[in-house]
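Colleague: how would this look folded up:
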Amino acid sequence: MTEAEFRSIYDRLRRQLPWGPDDRRGALNYITPDEVRAALSEVQLGRTVPLAAPIEDWPAADNPEPARHEMKEPLGADAGRGVFFGMDRIAMNIHGNADSHIDALCHVMFDGTLYNGVPADTVGEHGAAELSIDVAADGIVGRGVLLDIPRSRGVQWLEPGDSVTVDDVLAAERDQSVRAGRGDIVFVRVGHRRRRNEQGPWDAAQARAGLHPSVLPVLAERQIAVLGGDGNNDTAPSVVAGVGFPVHVLAVNALGLHLLDYLQFTSLASTCAAAGRWSFLCVIAPLRLPTGTGSPVNPIAVL
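Modeller: Numbering: from 1, shown residues only. Purely as a prediction, here's the structure:
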């Protein structure tokens, strides 16, 4: 895709925003109380499945600055008579290439603006004055839909550099007898986590499977509310000449979609396949970071 073609899609999607210049919730507006109540009917098995990968505190090819998990003294060996407490502290980069996280609408700056034309300089040394992850402070609850692209293609995973196309999305929907629609929380599996678990970490910043930007207009037409993946959602290297992270730009900046990156779908995919259904109740609860550009997250699927 050329930069001119990309910018044409970007401009068209921005013009289609239905909520007006003062909106700060983006596609979360598609999740109404009616959508939440309807999503409750997805629960049939009474089974919960976590969608986050375990946080790693050791360096890897895709995680050179891992989370730091430190225990505070006194430790258990020092505990004597009476009450003692085990206490720990964690510090981490939210927007890395390994840990599961959600991107706020202030995360992606393009041509000097954030979502809905908010100036980029509203993000400063003390965080984001607008569009922070606190937009989702009430939590995100709705119908989740998993589209398993490797399953549909008949492979274990998509190789780094490969892209999920519109045809892939439609084929997965057909094969799984499911259709993503208004207010849905859509997860697209490329098999990134399975490849990482079986072959080891690699420099995912340089090479990873993701969505082709041409998929975003289809998802916009469907009026989905949230988008997530087991990789970064963007293919690397970028498929758009001169534009890095085109899917992030179209999703977060143009459409106001909260993105979830580097989730883990192995258990969810097997559970959905065994149940013969690929939709479920989904609950997402970001941390309360009033000026944060994102948050660590562990979405829960309830089937």
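
Colleague: so which residues of the stretch 1-150 of the chain form helices?
Modeller: 3-15, 33-40, 149-153 (DSSP state H, counting those that start in this stretch).

Colleague: which residues touch the second one?
Modeller: When contacts are defined by C-beta atoms under 8 Å, 6 or more residues apart in numbering, helix 33-40 is touched by residues V141, G142, R143, G144, R182, G183, A225, L281, C282. The C-beta positions use only the backbone N, C-alpha and C, and glycine is treated the same way.

Colleague: for these, give me a markdown table that also has distance to V215 and neighbour count.
Modeller: Listed next are these as a markdown table, based on distance: C-beta to C-beta, whole Å; neighbours: other C-beta atoms under 10 Å:
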| residue | distance to V215 | neighbour count |
| --- | --- | --- |
| V141 | 24 | 19 |
| G142 | 20 | 24 |
| R143 | 19 | 24 |
| G144 | 18 | 30 |
| R182 | 17 | 13 |
| G183 | 18 | 23 |
| A225 | 16 | 25 |
| L281 | 24 | 22 |
| C282 | 20 | 27 |
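
Colleague: same list (those residues) but as a markdown table, adding pLDDT and distance to A274.
Modeller: Below are those laid out as a markdown table (pLDDT from 0 to 100; distance: C-beta to C-beta, whole Å):
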| residue | pLDDT | distance to A274 |
| --- | --- | --- |
| V141 | 98 | 24 |
| G142 | 98 | 23 |
| R143 | 98 | 19 |
| G144 | 98 | 17 |
| R182 | 97 | 28 |
| G183 | 97 | 26 |
| A225 | 98 | 27 |
| L281 | 98 | 17 |
| C282 | 98 | 18 |
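
Colleague: all strands for the stretch 151-300 of the chain, in order.
Modeller: Under the criterion DSSP state E, counting those that start in this stretch, strands of the stretch 151-300 of the chain are mapped to 163-164, 185-189, 210-211, 226-229, 258-261, 279-284, 294-296, 300-302.

Colleague: distance to R7 added to the contacts of helix 33-40, as CSV?
Modeller: Shown next, in CSV, are the contacts of helix 33-40 (distance: C-beta to C-beta, whole Å):
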residue, distance to R7
V141, 35
G142, 31
R143, 33
G144, 32
R182, 27
G183, 28
A225, 25
L281, 38
C282, 33
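
Colleague: any idea which of the strands of the stretch 151-300 of the chain is most buried?
Modeller: strand 210-211 (a mean of 30; mean count of other C-beta atoms under 10 Å).

Colleague: re earlier: for the contacts of helix 33-40, which one is nearest A67?
Modeller: Among the contacts of helix 33-40, C282 lies closest to A67 (C-beta to C-beta), at 24.5 Å.

Colleague: okay, and the beta partners of the closest residue to that closest one other than its chain neighbours?
Modeller: In space, and not counting its chain neighbours, C282 is closest to G144: 3.2 Å by C-beta to C-beta, 6 or more residues apart in numbering. Assessed by DSSP bridges, G144 has beta-bridge partners I185, F280.

Colleague: just give the closest residue to V297, not the sequence neighbours.
Modeller: Distances taken as C-beta to C-beta, 6+ apart place I102 nearest to V297, at 4.5 Å, with adjacent residues excluded.

Colleague: wait, isn't that neighbour in contact with G294?
Modeller: Yes. Counting by C-beta atoms under 8 Å, G294 is a contact partner of I102 at 5.7 Å.

Colleague: ok, back up a step: any idea which of the contacts of helix 33-40 is the one closest to L255?
Modeller: A225 (10.3 Å).

Colleague: that closest one touches T32, doesn't it?
Modeller: No. In this structure A225 lies outside contact range of T32 using C-beta under 8 Å: 9.8 Å.

Colleague: anything in contact with each of the two?
Modeller: Common contacts of A225 and T32 (C-beta under 8 Å, 6+ apart): G183.

Colleague: ends of stretch 124-144, what's the gap?
Modeller: End-to-end distance for stretch 124-144: 33 Å, by C-alpha to C-alpha, to the nearest Å.

Colleague: er, stretch 225-242 actually
Modeller: Stretch 225-242 has an end-to-end distance of 28 Å (C-alpha to C-alpha).

Colleague: buried sites along that stretch?
Modeller: Applying a neighbour-count criterion of 16 or more other C-beta atoms under 10 Å, one finds 225-236, 238-240 buried in stretch 225-242.

Colleague: likewise for stretch 72-86?
Modeller: Under 16+ other C-beta under 10 Å, stretch 72-86 has no buried positions.

Colleague: repeat for stretch 167-178
Modeller: D168, V169, A172, E173, Q176, V178.
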